[in-house]
Structure formats: C-alpha cells, structure tokens
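Chemist: from the sequence below, what's the structure:
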Amino acid sequence: MYDAVVIGAGQAGLSASFHLTRLGLDHVVLDANPQPGGAWQHRWDSLSMHDVHGVADLPDAAAPGDSGARANAVLPAWFGRYESEHGLPVVRPVRVDRVTDGDDGLLVVHAGERSWTTRTLVNATGTWTQPFVPYYPGAESFRGEQLHTADYPGPEHFDGKRVVVVGGGASAVQFLGELGPRTDVVWVTRKPPVWRDHFDADAGRHAIELVQERVRAGLPPASVVSVTGLALRPQEQEAARLGVYERRRPMFARIEPDGVRWADGSFEPADVILWATGFRPAVGHLAPLQLRSEHGGIALLQSGADVQTATTAVRDPRVQLVGYGPSASTIGGNRAGRAAAVAVRRYLAEHPLELAEDRALA
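Modeler: Residues are numbered from 1 along each chain as shown. Next comes the predicted model:
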C-alpha cells in the first residue's frame, strides 16, 4: 500500500515524484511508455529544440538549451537521466485501465491483471494519447490519407500531395510553415485565427486564468492557445510570404472520396487531410471515481493565487490532477507537481489511516 500512486512520467509526473520523494512519501510512478520521455518521444523528427514552445526546468535540473537537435531525442534522454539521478520509482510499461474505490477509503489502480493500492492518486497522463478528430459526413469515404498531429510523419511525406490542414492552433501553423513552401496546402479552420503581436508575462497569466475559470466551473479545459492567439516564428515566414496563411477557408460541410466540399457547393481536391484539431485530457481511467461535473469537466480546488497550483479534484480530495487545464504546460506541470505533493501530504495528515483489522483489534 502506497501513500501515493502517480500515473504518467512526463514533465508533470516527474515533478510530482521528485517532490513526493523529497517529502518522504512512499509512492510509485506508473508509465505507459516503454522508455522515458513522456509524449516527447512520439513527436515527429523535424521538430527540433528550436521549434518547441519552451521547456521548463525540472526541479533541480536545467532544461536542455535551444538547438537544432531533434526534440524527440534530446528530451527523452533528459527525462531518463533525471529519473536515474534522482532515483524516481518509475515502473514501465504499465497502461492503467481504471482506478476504483477499495476498502477503508483506499484507491485501487488497475492495469490488466496487476493492481496497486494507494491512499492518494496523482494523475499526470496529459493528452497525447487522446487525439481529437471531429466527425464530418462522408469521412469514411475519403480515399486519401487522414492523419492527426499525433501521426504527423514529417514534411517529406507530403511532397507532391495536396494537403488540407484543419485546425486553428499552434500545430496547424507549424505544419503550414513546413508544408507551404514545398507542396500545395489549404488551411481550414472553424473560426478566423486570432493573431497576436506580442506576448508578455502578464498576457500569459491572464490566458492561464481564463483556462482556470473553465476548470473551476467544471467545464472541460480549453487550450491555452485558444486564449493567447497565434504568432508566426521566423521559420514560418517563407510560408507567410507565399500567402499560405491568407488563403484560409472556413470549415467544409462534408468529405468526399477525393476531397472536401463546402455548403456553397465549392470543392477542394485533396490527397491528405491533416487534422491539427488538438487533444483531450486522458482521464478515461478515472471514470469509476465519478469526478466529472454535470458540465463534463473535472473541477479543481484553487487555494492560492497561482492558478497553476490548483490540482485537487473537488469531488474527491484523494485525487490530484497535474498537467490538466491551467497546468497543461511544462512550467505549469512543474508547479502543479509540487502543489500535488504538498496536497497529498496534507491529505494524509488530515486523514489518518485506520484499517478494518485495526478497528477489529480495538
């Protein structure tokens, strides 16, 4: 029986494990991946350390610097060293199926035929395993390829193909920047993109607070980019010069075997539909605990001024969520990891364990 079980060994999970260890709390980290690296190990080869939106330091470990090296090699290696140097109790590969209530107020974490009993849970599963693809009529008839951000194979794969990029977030902008100068692309979004000229610390805090408002109300979390707006980086300027970002079209009405068609009857032929439509939180394994509000999200308690340290589930204080909602960033995951460990210690102190056999002896 553990004081805590951490699910996920990405940035937030490693931060939580570091602080749990520092506080002397007995725990284990269950990671679904066969090797260290979290979601970074699954990113495409053309994503360099210069392309990522910034990786925060882990506790007591500076993040790798900006370089042209592949992010899917540099960051997993860094995570692996961190686990080893700090002796973090990571067990892998373990894909958690569900978390249920056990006896005496304990939680049971299930993975196939294996299980772990714990007093508290820190969920750090992120979003990468839950890609979101909206359904449009005729999608099953399309004869070309349909890929999601999670499947992006790199720009060379699309040479000589006509690509419809769907989505209004940072990934869509990056894909257009890579593909625009080398093949035919059409950008499709549900809403007109909102561009920003600058983004300072105050704007960042305001954006995170807007995300937290949704989480506090029990609504599904929105992406931070949805409230920060978009910006072009130097490596996307060539696509901008070619007018790729100006030729955006609204969402089509249906998908046909050879392309997409709008409600006005206009048609765009396509070999590939690239869905840069985001991800959803990977929290399906928590369903037995009934943490969701009537609005579909998991509401979190906020006790201080820093919204990124809101981690405790309103409906069950045994459960902490890190990398969820306002902490769904590398720096947010770090802050949430520490907050979650402190909340676990507080819960354990306020709820001393009294097992059934102890009550029987008394």
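Chemist: care to break this protein down by domain?
Modeler: Per the record, the chain has its domains at 2-129+279-361, 139-195+230-275, by automatic domain parsing.
Chemist: ok, which of those comes nearest Gly218?
Modeler: With Cβ to Cβ as the measure, domain 2-129+279-361 is the member of the domains of the chain nearest Gly218 (2.8 Å). Backbone N, C-alpha and C define where each C-beta goes, glycine included.
Chemist: quick one, longest strand in this structure?
Modeler: strand 114-123 (DSSP state E).
Chemist: now, of the domains of the chain, which is deepest in the fold?
Modeler: domain 2-129+279-361 (a mean of 19; mean count of other Cβ atoms under 10 Å).
Chemist: could you pull up the mean pLDDT of that domain?
Modeler: What domain 2-129+279-361 shows for mean pLDDT is 90.
Chemist: which is the next helix or strand following the longest strand of the chain?
Modeler: Moving toward the C-terminus from strand 114-123, the next helix or strand (DSSP states H and E) is strand 145-148.
Chemist: follow-up on the earlier one: which one of the domains of the chain lies nearest to Leu219?
Modeler: For these, proximity to Leu219 was assessed by Cβ to Cβ; domain 2-129+279-361 is nearest, at 4.6 Å.
Chemist: from memory His301 sits against Ala310, does it?
Modeler: Check again: residue 301 is Leu, not His. Yes - proximity of Leu301 to Ala310 meets the contact threshold set by Cβ atoms under 8 Å, at 6.2 Å.
Chemist: re earlier: export the domains of the chain to TSV and tack on distance to Gly218?
Modeler: Shown next, in TSV, are the domains of the chain (distance: least, Cβ to Cβ, whole Å):
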stretch	distance to Gly218
domain 2-129+279-361	3
domain 139-195+230-275	23
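Chemist: can you tell me how far His163 is from Gly177?
Modeler: If you look again at residue 163, you'll see it is Val, not His. Separation of Val163 from Gly177 (Cβ to Cβ, to the nearest Å): 13 Å.
Chemist: and what of His86?
Modeler: With Cβ to Cβ as the criterion, His86 and Gly177 are 37 Å apart.
Chemist: and what of Gly168?
Modeler: Distance of Gly168 to Gly177, computed by Cβ to Cβ: 14 Å.
Chemist: re earlier: minimum distance to Pro220: which of the domains of the chain has it?
Modeler: domain 2-129+279-361 (4.3 Å).
Chemist: ok, Asp97 - contacts?
Modeler: His110, Ala111, Gly112, His285 (Cβ atoms under 8 Å, 6 or more residues apart in numbering).
Chemist: next: Ser141.
Modeler: By Cβ under 8 Å, 6+ apart, the contact set of Ser141 is Ile255, Glu256, Pro257.
Chemist: across the sheet, point out what pairs with the first one.
Modeler: Beta-bridge partners of Ile255, counted by DSSP bridges, are Val260.
Chemist: contacting residues for it?
Modeler: With Cβ under 8 Å, 6+ apart, Ile255 has these contacts: Tyr136, Pro137, Gly138, Ala139, Ser141, Phe142, Arg261, Ile273.
Chemist: looking at these, which one is closest to Pro234?
Modeler: Among the contacts of Ile255, and counting by Cβ to Cβ, the member closest to Pro234 is Ile273, at 28.0 Å.
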